[in-house]
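Q: please work out how this folds:
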Amino acid sequence: MSKRHKILHLHSTFDTGGKELRNVRLINEWGREVDHAIVSGDLERRGAAALIGKKARISWPKFPSLKGKPTPGRLVALAKAMAGYDLVCTYNWGAIDAVMAHTVFADAFKLPPLVHHEDGFNEDEVKKLKRSRNWYRKIALGRTAALVVPSARLEDIALNVWDQPRTRVRRIPNGIDTRAYAAPPKRDILPGLIKHKDEFWIGTLAGLRQVKQLDVLVRAMDWLPQDWQLVIAGEGPEREALLAEAERIGVEDRVHLPGFVANPAKLVGLFDIFALSSHSEQFPISVVEAMAAGLPVVAPRVGDIGSMVSSDNGPALVDPVTDAESEKALAKSLSRLAQDPATRKRMGQANRQKARDEFDERRMIERYRALYWGLMQKYPRAQ
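A: The predicted structure is shown next:
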């Protein structure tokens with residue numbers, strides 16, 4: 001009987017963000033084929049764990065802290081803890097010390113291959129990447145089997161800023177079950193909030209964090225007719241500030257924050273326009289979800305958004321929101337679409353088709369399986 005593969009996943013947190021939800025989707029897909037050991041650097045932030053299916057084989061091993069100075073002793077401890085697996089998967093800057101430990105001590109401790117995943121940057125690197133982190137990444141990534149990125153921009157950074165060889169960098173766009181977004185949603189899916197037949201919704205799915213600039217969408221409601229509502233599904237530290245901003249400009253009755261939605265396929269179809277206002281994105285999965293639901297997208301041209309949406313949707317995108325004028329441009333784009341149902345329908349249909357053609361999750365899952373299983377077969381763990 002062939003042995004079951006063992007994969008170690010190292011996350012700084014295991015909250016319900018994009019990288020964690022993708023990780024959960026792959027874990028659920030592979031069911032009992034793999035034993036998955038998951039490490040969350042912050043034990044209080046493991047919300048994505050609730051979405052792991054019953055068939056998945058999961059453990060939460062004790063692991064050295066992912067935070068701290070990269071001293072030799074700490075790197076040795078991290079390296080020792082990675083031994084005994086078939087594959088190590090690390091995620092973003094929060095796990096980079098483990099990547100460094102692997103590069104330095106892989107031979108000494110006979111460590112398995114490591115795949116590092118980069119999905120984007122924290123608020124402190126939104127405007128400009130830190131030179132010290134770029135230097136550290138160049139060294140830390142020196143022995144990785146692969147560096148996986150979801151977007152063309154991150155691929156360019158990996159190749160030309162972090163100086164990674166072409167053979168190491170793999171771009172795997174995030175995918176979703178696009179067909180799940182075709183069914184008409186129920187109007188009362190959100191507790192305490194019902195979509196009435198005589199109103200329209202601008203909606204978004206986002207963590208309530210500063211980098212998302214959701215206050216821009218709140219202020220944009222002042223440009224929209226009274227029958228338009230704003231629904232921001234997500235949780236985060238900016239919740240009270242957003243409610244206060246809505247009250248300040250007098251639109252509190254049209255701004256709704258229902259919290260995190262575990263199954264966006266049941267909600268997104270209620271939106272009439274999907275909107276983003278972030279000043280930093282890479283390959284936002286929420287845009288793919290909106291496209292699959294047949295929605296037009298209003299957003300800044302950041303990350304890969306410009307190439308993600310259909311060509312029909314291109315005119316609804318705006319320059320990155322950095323000042324009052326660019327904020328006004330986003331509000332005007334929302335206002336124009338709100339008054340043009342025919343254009344909304346045309347853009348939405350084109351987006352749905354592109355999502356099905358290019359961003360269905362089957363393609364994503366197949367590419368991850370080919371990468372992970374290829375490495376585990378090439379470097380088999382000793383019995």
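Q: can you pull out the strands in this structure?
A: Using DSSP state E, the strands of the chain run over 5-11, 34-40, 57-59, 87-91, 114-117, 146-149, 169-171, 200-205, 228-233, 255-256, 273-275, 297-298.
Q: deepest-packed of those, please.
A: strand 297-298 (a mean of 28; mean count of other CB atoms under 10 Å). (C-beta placed from N, C-alpha, C; glycine too.)
Q: could you give the average pLDDT over it?
A: Mean per-residue pLDDT for strand 297-298: 98.
Q: so how far is that strand from its chain's centroid?
A: Its chain's C-alpha centre and that of strand 297-298 lie 18 Å apart, by CA atoms, centre = their mean, to the nearest Å.
Q: what do you get for stretch 347-361?
A: 18 Å.
Q: next: stretch 186-205.
A: Using CA atoms, centre = their mean, the offset of stretch 186-205 from its chain centre is 24 Å.
Q: and Ile189, what pLDDT?
A: On the pLDDT scale, Ile189 gets 87.
Q: repeat for Leu8
A: pLDDT at Leu8 comes out at 98.
Q: any idea what it is bridged to?
A: For Leu8, the beta-bridge partners are Ala37, Val88 (DSSP bridges).
Q: mind listing what it touches?
A: Shown in contact with Leu8 (CB atoms under 8 Å, 6 or more residues apart in numbering): 37, 39, 61, 82, 85, 87-89.
Q: make it 6 Å
A: Counting by CB atoms under 6 Å, 6 or more residues apart in numbering, Leu8 makes contact with 37, 85, 88.
Q: what do you get for Gly142?
A: Residues counted as contacts of Gly142 (CB under 6 Å, 6+ apart) are Thr103.
Q: quick one: it and Phe271, what's the gap?
A: Relative to Phe271, Gly142 is positioned 45 Å away (criterion: CB to CB, to the nearest Å).
Q: same question for Glu155.
A: Taking CB to CB, one finds Glu155 at 30 Å from Phe271.
Q: burial of the closest residue to Met100 other than its chain neighbours, as a residue count?
A: In space, Met100 comes closest to Ala140 once its chain neighbours are excluded; the distance is 4.0 Å by CB to CB, 6 or more residues apart in numbering. Neighbour count for Ala140, taken as other CB atoms under 10 Å: 24.
Q: surely Ala140 meets Val99?
A: Yes - using CB atoms under 6 Å, Ala140 is in contact with Val99, at 4.4 Å.
Q: let me see the domain layout of this structure.
A: For the chain, automatic domain parsing gives the domain ranges 5-175+361-378, 178-358.
Q: just the mean pLDDT for stretch 22-39, thanks.
A: Mean predicted lDDT for stretch 22-39 stands at 95.
Q: equivalent analysis for stretch 170-184, please.
A: The pLDDT scores in stretch 170-184 average 91.
Q: check what pLDDT Lys127 gets.
A: pLDDT, Lys127: 69.
Q: do Phe105 as well
A: Note for Phe105: predicted pLDDT of 97.
Q: what sits against it?
A: Per CB under 6 Å, 6+ apart, neighbours of Phe105: Ala79.
Q: then Ile7?
A: Each residue near Ile7 by CB under 6 Å, 6+ apart is listed here: 34, 36, 87.
Q: again, but for Ile176
A: Neighbours of Ile176 in contact, by CB under 6 Å, 6+ apart: 288-289, 361.
Q: now do it against Asp107, distance only.
A: With CB to CB as the criterion, Ile176 and Asp107 are 39 Å apart.
Q: cool, Leu371 as well?
A: Separation of Leu371 from Asp107 (CB to CB): 22 Å.
Q: equivalent analysis for Lys19, please.
A: Lys19 is 29 Å from Asp107, by CB to CB.
Q: same deal with Ile232?
A: 49 Å.
Q: what does Glu33 give?
A: 29 Å.
Q: Gly306 too?
A: 43 Å.
Q: out of those two, which sits in the busier spot?
A: A direct count of neighbours by other CB under 10 Å for Gly306 and Asp107 places Gly306 higher, at 14 against 8.
Q: how many other residues sit next to the closest residue to that one other than its chain neighbours?
A: In space, and not counting its chain neighbours, Gly306 is closest to Leu317: 6.2 Å by CB to CB, 6+ apart. By other CB under 10 Å, 19 other residues sit near Leu317.
Q: for Leu317, phi and psi?
A: phi -80, psi 160 (degrees, to the nearest 10).
Q: please enumerate the helices of the stretch 151-300 of the chain.
A: Counting by DSSP state H, counting those that start in this stretch, the stretch 151-300 of the chain has helices at residues 152-160, 214-220, 239-248, 285-292.
Q: more neighbours: Glu155 and Phe271, which one.
A: With neighbours defined as other CB under 10 Å, Glu155 and Phe271 compare such that Phe271 has more, 24 against 21.
Q: pretty sure the more buried one is touching Thr204, no?
A: No - between Phe271 and Thr204 there is no contact under CB under 6 Å: 8.2 Å.
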